[in-house]
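1. with the input below, show me the fold.
(chains A and B)
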Amino acid sequence: MKLYYRPVQNAWWLKRQPYVLFIVRELTSLFVGLYCLLLLVTIYSLGQGEKSYDGMLIFLKSGPIIFLHVVALIFTVYHSITWFNLTPKAIVIPFGEKRLPDIFIAGSNYVAWVILSGIVYWLIVRF
Amino acid sequence: MNDKTMQFEVLRYRPEQEDVPSSQTYTVPFREDWVILDALNFIKDEQDGTLSYRWSCRMGVCGSCGVMVNGVPKLTCGTFLKDYYPNKIRIEPLDGFPVERDLITHMDDFMKKLHSVKPWLIRNEGEEKPIEEGEYLQTPTELYAYKQYSMCINCMLCYAACPITALEPSFIGPAAIALAQRYNMDSRDQGRDERQKIIMEHDGIWECTFVGECSVVCPKDVDPAGAIQRAKLNGTIDWFKQWILPRKGGIR
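-> Numbers count the residues shown, from 1 in each chain, chains lettered A, B, ... in the order given. Now for the predicted structure:
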C-alpha cells in the first residue's frame, strides 16, 4: 500500500487560535522562570552584604527592570489563571454519586491566591 | 427546494496516479438540513464516483466519518452545511494519520495503541468469579466513576486535534489513555498496575503537554485531556507512595 505521510509544518501552532493560546501559555513559563532568577539573584546579593544589596536595589529600580517586572506580572497572571482553570481536569473529588463541581476546584485556587497575596501584602506593609 | 450552492474543496489522493495529494473543488446544492456527509454522498452519487471516504451509521455512533473540516476535526455526519454557508468548505483527511486514499486514513497504528493499554477487564489470578455466581455488581457511583470514558467511539478526532500525536508518532494518544482510565476506574477491574506500566512509559501520559483540544473536539464528551491529567496525578501519587510506603503503594 502506498501511503502518503503529510509533513508537520514548523508553524503548525499558527494554524488555529487554540494552538496559539497554548503556545502563549507555554511561553509564559519563560517569564515566570526569568522572574524567579531575578529573585534568586536579589536574595544572593542580600547575603553578600549591605553594599551589594544596595547596588541591587538601584539595579531593580532601573527602567528596563521595572518594565521586565510589569511584563512578568502580566504573563504570570495569565499563566496562573489558565492553569487554575485547568485544575478541575486533573482533580476529581467524589461528591455524593457525582463529582464536586469544577467551580469549587478551580475556585479554591483563587481563594488560596487571594489569601496568600494578602499575607504577602501584610508582610510587606508591616515590615 | 432552492438553487443555493456551496463550494467543497476536497483533498484528493489517488496513489495509483499521484505521489502527493491535490485539491479538487465540487459545487453542491445547499440544503438547511444537510450535513457534510450528505454533501459528500451527493458528490459520490451525482458527480464523481471515485471520491473515497468512510461512513456508516450517519448518527454519531460508529465513529467512521471523521475528517478535517476547515482545519478542525469533525464527524461529517454531525456537521451541518448551514454553519458554514455561504463560505467554501475545505475537507481533508484527519491530521496526523497516513493517508490511504482521498479522505481515508490508515489506522493500524491507532489500533495497536488502543490494544496496548489492555482495554478489557483484568482480574487477579484465581479471583475471577465462576459464571454461575453471576455478574459483578456495581453501584451507580461506581458506574459514574468511569462511564464518561466508556463513551468513546474511536473516531480518532482527538488524535487529529492533538499536535503531539503528529510531532511524536510514538505517543499512545488521548483515546488510548482515556480507555486505560476507563478500565482503571472500573470497580470490577484489577489490572491497573499492568496498565500503569504502559501509560507511565515515555510514550504515555508524560508526552502530553495539555493542549486540551482533544477534549474540545470529542463528539461524545469523553474528555481525554481530563483522563490524561488525572492519570498524571495518580501516577505521581503512586511514585511518592513507593518511597513512603514501599510495600503497599506504587507500581511494582
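
2. the stretch 51-200 of chain B: helices as residue ranges?
-> Taking DSSP state H, counting those that start in this stretch as the test, the helices found in the stretch 51-200 of chain B are B:108-116, B:140-147, B:157-161, B:163-167, B:174-184, B:192-199.

3. nearest to A:V71, out of these?
-> Closest of the helices of the stretch 51-200 of chain B to A:V71 is helix B:163-167, at 26.4 Å (criterion: C-beta to C-beta). Where C-beta positions appear, they are placed from N, C-alpha and C, glycine not excepted.

4. so for stretch B:77-89, what gets flagged as buried?
-> Within stretch B:77-89, the residues scored as buried using 16 or more other C-beta atoms under 10 Å in any protein chain shown are B:C77, B:T79, B:L81, B:Y84, B:I89.

5. give me the residue from the stretch 101-250 of chain B nearest chain A.
-> Per C-beta to the nearest C-beta, B:Q229 is where the stretch 101-250 of chain B lies closest to chain A, at 3.6 Å.

6. identify all contacting residues around the helix or strand encompassing that residue.
-> Element membership of B:Q229 [criterion: DSSP states H and E] is helix B:224-244. Helix B:224-244 is contacted by residues A:86, A:88-92, B:149, B:152, B:158, B:174-175, B:177-178, B:180-182, B:184, B:196, B:199-200, B:205-206, B:208, B:210-215, B:218, B:248-251 when judged by C-beta atoms under 8 Å, 6 or more residues apart in numbering or on different chains.

7. try stretch B:131-141
-> For stretch B:131-141, the external contacting residues (C-beta under 8 Å, 6+ apart) are A:P94, A:G96, A:E97, B:K129, B:S187, B:R188.

8. okay, those residues in JSON lines with pLDDT, neighbour count and distance to A:K51 next?
-> Output for these, formatted as JSON lines (pLDDT from 0 to 100; neighbours: other C-beta atoms under 10 Å in any protein chain shown; distance: C-beta to C-beta, whole Å):
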{"residue": "A:P94", "pLDDT": "84", "neighbour count": "11", "distance to A:K51": "58"}
{"residue": "A:G96", "pLDDT": "81", "neighbour count": "8", "distance to A:K51": "62"}
{"residue": "A:E97", "pLDDT": "79", "neighbour count": "12", "distance to A:K51": "65"}
{"residue": "B:K129", "pLDDT": "88", "neighbour count": "11", "distance to A:K51": "77"}
{"residue": "B:S187", "pLDDT": "96", "neighbour count": "14", "distance to A:K51": "66"}
{"residue": "B:R188", "pLDDT": "95", "neighbour count": "15", "distance to A:K51": "70"}
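
9. can you tell me how far the residue lying closest to A:M1 once chain neighbours are set aside is from B:V20?
-> Once flanking residues are discounted, A:M1 sits nearest to B:E100: 6.5 Å by C-beta to C-beta, 6 or more residues apart in numbering or on different chains. Note on B:E100: its distance to B:V20, by C-beta to C-beta, to the nearest Å, is 15 Å.

10. among the two, which residue is more densely surrounded?
-> Using other C-beta atoms under 10 Å in any protein chain shown as the criterion, B:E100 and B:V20 rank with B:E100 on top: 19 against 7.

11. my guess is that one contacts B:L94, does it?
-> No - in this structure, B:E100 is not within contact of B:L94 by C-beta atoms under 8 Å, at 11.5 Å.

12. which parts of chain B sit against chain A?
-> B:13, B:15, B:19-21, B:71-72, B:95, B:98-100, B:106, B:140-141, B:144-145, B:163, B:166-167, B:209-213, B:215-216, B:223, B:225-226, B:229-230, B:232-233 (C-beta under 8 Å from any C-beta of the partner chain).

13. just the strands in chain A please.
-> With DSSP state E as the criterion, chain A has strands at A:94-95, A:98-99.

14. now swap in chain B and tell me
-> Remark: strands assigned in chain B by DSSP E are B:5-12, B:22-29, B:66-69, B:72-75, B:89-92, B:99-101, B:104-105.

15. can you lay out those as CSV showing distance to B:D238?
-> What follows is these, written out as CSV (distance: least, C-beta to C-beta, whole Å):
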stretch, distance to B:D238
strand B:5-12, 44
strand B:22-29, 49
strand B:66-69, 34
strand B:72-75, 32
strand B:89-92, 40
strand B:99-101, 39
strand B:104-105, 35
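
16. in TSV, list these along with mean pLDDT.
-> Formatted as TSV, the strands of chain B follow (pLDDT from 0 to 100):
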stretch	mean pLDDT
strand B:5-12	97
strand B:22-29	97
strand B:66-69	98
strand B:72-75	98
strand B:89-92	98
strand B:99-101	97
strand B:104-105	98
